[in-house]
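Asker: Pasting the sequence and the predicted model now:
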Amino acid sequence: MPCTMLREEMVAVLYGEADAETVRRVGEHQAACADCRDEMAALRGLRRQLTAWRAPEPARGVRRPRPRPWAALAAAAAIVFALGAGWGLAGAELRYEKGRVSFRLGGGDQEIRTVLDRERARLQEEIAALRAAVAARPSGGDAAFLERVAAMIRESEARQAVLMSASLQEIGERNEAQRRYDLARVSAGLSYLDGRTGEQVARTNELMGYVLQVSQQR
Amino acid sequence: MQPADEELVAAFQGGDVSAFDVLLLRWDRKIQGAIYRIMGSEEESRDLCQETFLKAYRSLRGFKGEARFSSWLYQIALNVCRDRMRRRKGKTLVSLDELDEAGGLPPGPAAPSALELVESRDLARAVAAAVAALPGEQREVIVLKEYQGLTFLEIAEVLGLPTSTVKTRLYRGLGQLREHLERKGIRGTAPVPAPSP
């Protein structure tokens, strides 16, 4: 069998992932082929050389902050969330984009505001029409008509409440998602700073050690 | 017994955010190590590791479990590296200062002599430079196999390639590393005599 046909098998044998049959076939070929035998030995040697390059001990890249900072962050996040909800109700908007936090007063979610405005206008028209109808009735009008008007107003108010609740829930969910993302970013940033500081301290200690050693020798 | 990655993913998707912390602690060192070998810079590997986990955090709810969690995570890490490479036009940075810290003999019972230390650091530098000089697709396979210890099947899953292609890329990558090191006067072994019958 030509050597090139056995390359994949040779790689599998090199990394100990070949089945018994493949190991046997490659072994038989190498017994008869000095080039492949040498190549396999060179590749084993190369693998030993590759271990010389060791990665530096990685600092914990991203981690959950320690309890105290976490508690502080949680408290801060709770305040931010509460403010966010208030701002949301007032039509304000807090955003975190491209590493910046921006706050827009009265901007809000334009879509939700438009729907709410439209709905409010419609309801106001409806109420005005009903009032006009009531006013147009002869005095001492019938109780059934008034009851119907009252029911319509109640229904209208219930619809408005449902709509408002859905909008608030959506704003709340958006704020929650943003909050989690911001917390993860803050956590990552803290961990990074933590890692850097630890490194600096270690380097400083090492340097101080050398200085002490040299001064003692003198 | 430690919960499997997939159990933790399910817990996270069910609303237990702390499950992500366990996954993070389990994988961040490995992922950072892989990124370091691919990018060649310790500081950059930290940044990109953070980016990898932030991306994972944001998209884990949509993870369908079609691949292993670890393969999915490696895929994110490799994409993050590729994006950064594209931005700096494919150059892999190998910091000599970092190599001084990273190279050297693995810890053993006897302290290495000064000569051994120097030789070992030279070898570490040469290996790092040789890996950095590989084409990206070969470097990824070499890193995942040689330094991350993934099986051929796992690498195939991460890269979305047939295992035969993975083996071919690995073979070519090893060949290029060998040539690179030999050009620097570093040889693996002498020719091997035929086994006696």
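Answerer: Everything's here; your move.

Asker: ok, the closest residue to residue B:9 other than its chain neighbours - contacts?
Answerer: Nearest non-adjacent residue to residue B:9, counting by C-beta to C-beta, 6 or more residues apart in numbering or on different chains: residue B:69, 5.5 Å away. For every residue, glycine as well, the C-beta is placed using N, CA and C. Contacts for residue B:69 were tallied using C-beta atoms under 8 Å, 6 or more residues apart in numbering or on different chains; they are B:5-6, B:8-9, B:23, B:63.

Asker: Just the buried residues of those residues.
Answerer: B:5, B:8-9, B:23, B:63 (16 or more other C-beta atoms under 10 Å in any protein chain shown).

Asker: Tell me the one of the residues you listed nearest residue A:148?
Answerer: Minimum distance to residue A:148 across the buried ones among the contacts of residue B:69 is 54.5 Å, recorded for residue B:63 (C-beta to C-beta).

Asker: Do I have it right that that closest one meets residue B:9?
Answerer: Yes - using C-beta atoms under 8 Å, residue B:63 is in contact with residue B:9, at 6.1 Å.

Asker: what about the residue of chain A found nearest chain B, which helix or strand?
Answerer: Of all residues in chain A, residue A:45 sits closest to chain B, at 2.6 Å by C-beta to the nearest C-beta. Here residue A:45 sits within helix A:34-50, counting by DSSP states H and E.

Asker: Quick one: distance of that helix to the chain centre.
Answerer: Taking C-alpha atoms, centre = their mean, to the nearest Å, the mean C-alpha location of helix A:34-50 is offset from the chain mean by 45 Å.

Asker: Would you mind listing the buried residues in it?
Answerer: A:36-43, A:45-47, A:49-50.

Asker: again with stretch A:179-198
Answerer: Within stretch A:179-198, the residues scored as buried using 16+ other C-beta under 10 Å are A:179, A:182-184, A:187-188, A:190-192, A:194-195.

Asker: per-residue confidence averaged over stretch B:130-143?
Answerer: When pLDDT is averaged along stretch B:130-143, the result is 95.

Asker: I would like the residues contacting that stretch, please.
Answerer: Contacts to stretch B:130-143, defined as C-beta under 8 Å, 6+ apart, come from residues A:50, A:53, B:34, B:37-38, B:40, B:78, B:82, B:85, B:90, B:92-94, B:155, B:159, B:166, B:169-170, B:172-174, B:176-177, B:180-181, B:184.

Asker: Quick check on those: which are buried?
Answerer: Buried residues within the contacts of stretch B:130-143, counting neighbours by 16+ other C-beta under 10 Å: A:50, A:53, B:34, B:37-38, B:40, B:78, B:85, B:92, B:94, B:155, B:159, B:166, B:169-170, B:172-174, B:176-177, B:180-181.

Asker: all helices for the chain, in order.
Answerer: I went with chain A, as the question did not name one. Secondary structure of chain A (DSSP state H): helices located at A:7-14, A:20-32, A:34-50, A:67-89, A:110-136, A:143-217.

Asker: my bad, chain B
Answerer: Secondary structure of chain B, counting by DSSP H: helices at B:5-13, B:18-39, B:42-59, B:69-87, B:96-102, B:114-132, B:136-142, B:152-159, B:163-183.

Asker: Distance of residue B:60 relative to chain A?
Answerer: Distance, residue B:60 to chain A, using C-beta to the nearest C-beta, to the nearest Å: 11 Å.

Asker: thought that residue was touching residue B:14?
Answerer: No - between residue B:60 and residue B:14 no contact is recorded; they are 11.6 Å apart, counting by C-beta under 8 Å.

Asker: what about the two, which has more around it?
Answerer: Looking at residue B:60 and residue B:14 with other C-beta atoms under 10 Å in any protein chain shown, you find the greater number of neighbours at residue B:60, namely 19 against 8.

Asker: Enumerate every residue touching that one.
Answerer: Taking C-beta under 8 Å, 6+ apart as the criterion, residue B:60 is in contact with B:9, B:12-13, B:20.

Asker: now swap in residue B:20 and tell me
Answerer: If you count contacts by C-beta under 8 Å, 6+ apart, then residue B:20 has B:8, B:12, B:57, B:60 around it.

Asker: So what's the residue count around the third one?
Answerer: When neighbours are counted by other C-beta under 10 Å, residue B:57 registers 21.

Asker: Quick check, it in contact with residue A:184.
Answerer: Yes - Residue B:57 is within contact range of residue A:184, at 5.4 Å (criterion: C-beta under 8 Å).

Asker: residue ranges with poor pLDDT in chain B?
Answerer: Applying pLDDT under 70 to chain B flags the ranges B:90-119, B:188-197.

Asker: need the helix or strand of chain A with the lowest average pLDDT.
Answerer: helix A:67-89 (a mean of 53; mean pLDDT, DSSP states H and E).

Asker: Could you export the buried residues of helix A:34-50 to a markdown table, including columns for pLDDT?
Answerer: Converted to a markdown table, the buried residues of helix A:34-50 look like this (pLDDT from 0 to 100):
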| residue | pLDDT |
| --- | --- |
| A:36 | 92 |
| A:37 | 93 |
| A:38 | 92 |
| A:39 | 92 |
| A:40 | 93 |
| A:41 | 93 |
| A:42 | 92 |
| A:43 | 93 |
| A:45 | 92 |
| A:46 | 93 |
| A:47 | 94 |
| A:49 | 91 |
| A:50 | 92 |
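
Asker: So which of the residues you listed is the closest to residue B:30?
Answerer: Residue B:30 lies nearest to residue A:50 out of the buried residues of helix A:34-50, by C-beta to C-beta, at 17.3 Å.

Asker: So the closest one sits against residue B:127, correct?
Answerer: Yes - using C-beta under 8 Å, residue A:50 is in contact with residue B:127, at 5.7 Å.

Asker: what is in contact with these two at once?
Answerer: Shared contacts of residue A:50 and residue B:127 (C-beta under 8 Å, 6+ apart): residue B:177.

Asker: ok, the most centrally placed residue in chain B - contacts?
Answerer: Against the mean C-alpha coordinate of chain B, by C-alpha atoms, centre = their mean, the closest residue is residue B:34 at 2.8 Å. Neighbour list for residue B:34: B:74, B:77, B:143-144, B:147-148 [criterion: C-beta under 8 Å, 6+ apart].

Asker: Can you pick out the most distant pair from these?
Answerer: Going by C-beta to C-beta, the pair spanning these furthest: B:77 and B:147, at 13.1 Å.
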